[in-house]
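*Asks:* Give me coordinates for this.
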Amino acid sequence: MTKPPLTLYLAAPRGFCAGVDRAIKIVEMAIEKWGAPVYVRHEIVHNKFVVDGLRDKGAVFVEELSECPDDRPVIFSAHGVPKSVPSAAQARNMIYVDATCPLVSKVHIEAQRHADAGLQIIMIGHAGHPETIGTMGQLPEGDVLLVETPEDVATAAVRDDAHLAYVTQTTLSVDDTADIVAALQARFPAIIGPHKEDICYATTNRQEAVKAMAPKCDAMLVVGAPNSSNSKRLVEVGARAGCAYAQLVQRADDIDWRALEGIGSIGITAGASAPEVLINEVIDAFKARYDVTTELVETAQENVEFKVPRVLRQPA
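*Replies:* The predicted structure is shown next:
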């Protein structure tokens, strides 16, 4: 039986970003340096395949520092942690390595700098997301107000309209965030924004590639985890950019083939914590069912690299 033809549009950039790459490397190098087990507070990145692979190598994933013994190293995830966490690790004389993405750390520093200047901070982010918890936890409770929508801006109870600054989670939808920033600036004309966009280069680049790809596609799949903010935003961006069917899949087994019946083109991309092996698995699943012609949709090239902390580059 001849396979039906299918044009497969492959987004570039897609998948791993420099912060995720660095975080995974940190766990692997820590296991190499100190042996197993090495504890990791929260999933190092939001991807089950990656986390399971590191667990097999000797990483133990926990939600809180209280679950870690004093005598084993602990790593803080790429999403960042409240200041209270490294303080507690220091108090227990623990070896700890901070795998917070440098672009998240930039937002932490920014928030602290604004607070030192006497400004109240408004954070644009998602309640309960580890990155939002980590950023808000850089300052005393109540010093950072969270807004998730333009509607939240209308009801934000600020201390002083004239002394405000805003920061954002790094993995948000660029367009949604622009709407919230516009609402903040309309209500608080004196509000100070970041020197440079807080939404990270990788989030922005992946969303731009999806915007370029979506109008060409009958359907689009985003390879990523359901708890990955940047992956979920890619689905939303794809739908908004004109793709009638945009779905998140963790891997090839999750593809709903019945929903894709009759398509002539598919767009494939991946969130910043999804490894290329899972993207290839999805592509291979389409090649098994269709006569695939692949076209790359490239909107940017990335060559960013972040160094691992010095403690891992020194001999044990």
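*Asks:* elements contacting the helix or strand bottoming out on mean pLDDT in the chain?
*Replies:* Among the helical and strand segments of the chain, the one scoring lowest on mean pLDDT, DSSP states H and E is helix 310-313, with a mean of 91. If you count contacts as 3 or more C-beta pairs under 8 Å, 6 or more residues apart in numbering; DSSP states H and E, helix 310-313 packs onto helix 18-34. Where you see a C-beta, it was placed from the backbone N, CA and C, and this is true even at glycine.
*Asks:* Sheet-wise, list the partners of the helix or strand following the helix it packs on with their directions.
*Replies:* Sequence-wise, the next helix or strand downstream of helix 18-34 (DSSP states H and E) is strand 38-41. Paired neighbours of strand 38-41 in the sheet (DSSP bridges): strand 59-62 (parallel), strand 74-76 (parallel).
*Asks:* Which of those strands sits closest to Gly262?
*Replies:* Among the strands paired with strand 38-41, the nearest to Gly262 by C-beta to C-beta is strand 59-62 (41.6 Å).
*Asks:* buried ones in that closest one?
*Replies:* Residues Ala59, Val60, Phe61 are the ones in strand 59-62 that count as buried (16 or more other C-beta atoms under 10 Å).
*Asks:* I figured the second one hits Arg41, correct?
*Replies:* Read it as Val60. No - contact status for Val60 versus Arg41: not in contact, 10.2 Å apart, counting by C-beta atoms under 8 Å.
*Asks:* count of neighbours near Thr100?
*Replies:* Neighbours of Thr100 under the rule other C-beta atoms under 10 Å: 21.
*Asks:* Over to the one 3 residues further on?
*Replies:* Residues contacting Leu103 under the criterion other C-beta under 10 Å number 23.
*Asks:* wait, what's in contact with it?
*Replies:* Leu103 sits next to Gly19, Thr170, Cys200, Tyr201 when contact means C-beta atoms under 8 Å, 6 or more residues apart in numbering.
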